[in-house]
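Student: What would the 3D arrangement of this be:
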Amino acid sequence: MAQDFRNTLAREIGTGDTTILAAGDYDAVIGIRCCNILTSSILVDVKIAKGGADYFLAKGVSIPPNSAIELIQGGAKIVLASTDTLEAVSDTATSLDVCVSYIDTISS
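Tutor: This next block holds a predicted model:
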């Protein structure tokens, strides 16, 4: 079965919710890497917004200066329905880069 592997990148995310991925017809997120691009620590939230509610994958996670965290490891996956959005926010302006790897429209 063929799959369509993709990535999306967001740079210099700050204190406002930023949509990283607006899901299509059931996308599977297979990797989320968050990188602090500053020389001081930051706090980061990564969440799925669905129907007006937020579901946190990471909340208030501290990332040391010039470091990164990986939120999905060991073959784990998160499926996003067609109305879900994956969002990120930092407690500091222009401080966070995010790379998301996903499978676009899961096929059967």
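Student: where in the protein is pLDDT low?
Tutor: 1-2, 107-108 (pLDDT under 70).
Student: switch the cut-off to 80
Tutor: By pLDDT under 80, the weakly predicted segments of the chain are 1-3, 24-25, 105-108.
Student: any residues touching stretch 56-69, and which ones?
Tutor: 32-48, 71, 78, 96 (CB atoms under 8 Å, 6 or more residues apart in numbering). C-beta: built from backbone N, CA, C; applies to glycine.
Student: Now the buried members of the residues you listed.
Tutor: If you count burial by 16 or more other CB atoms under 10 Å, the buried members of these come out as 32, 34-37, 42-48, 71, 78, 96.
Student: before we move on, back to that, among the contacts of stretch 56-69, name the ones in strands.
Tutor: If you go by DSSP state E, the contacts of stretch 56-69 have 32-36, 42-48, 78, 96 in strands.
Student: residues contacting the residue lying closest to residue 43 once chain neighbours are set aside?
Tutor: Nearest non-adjacent residue to residue 43, counting by CB to CB, 6 or more residues apart in numbering: residue 91, 4.3 Å away. Residues near residue 91 by CB under 8 Å, 6+ apart: 15, 42-44.
Student: change it to 7 Å
Tutor: When contacts are counted by CB atoms under 7 Å, 6 or more residues apart in numbering, residue 91 touches 15, 42-43.
Student: Name the residues of stretch 55-71 that come out as buried.
Tutor: Quick answer for stretch 55-71 (16+ other CB under 10 Å): 57-58, 63, 69, 71.
Student: er, stretch 20-29 I mean
Tutor: By 16+ other CB under 10 Å, the buried positions in stretch 20-29 come out as 20-21, 23, 27-29.
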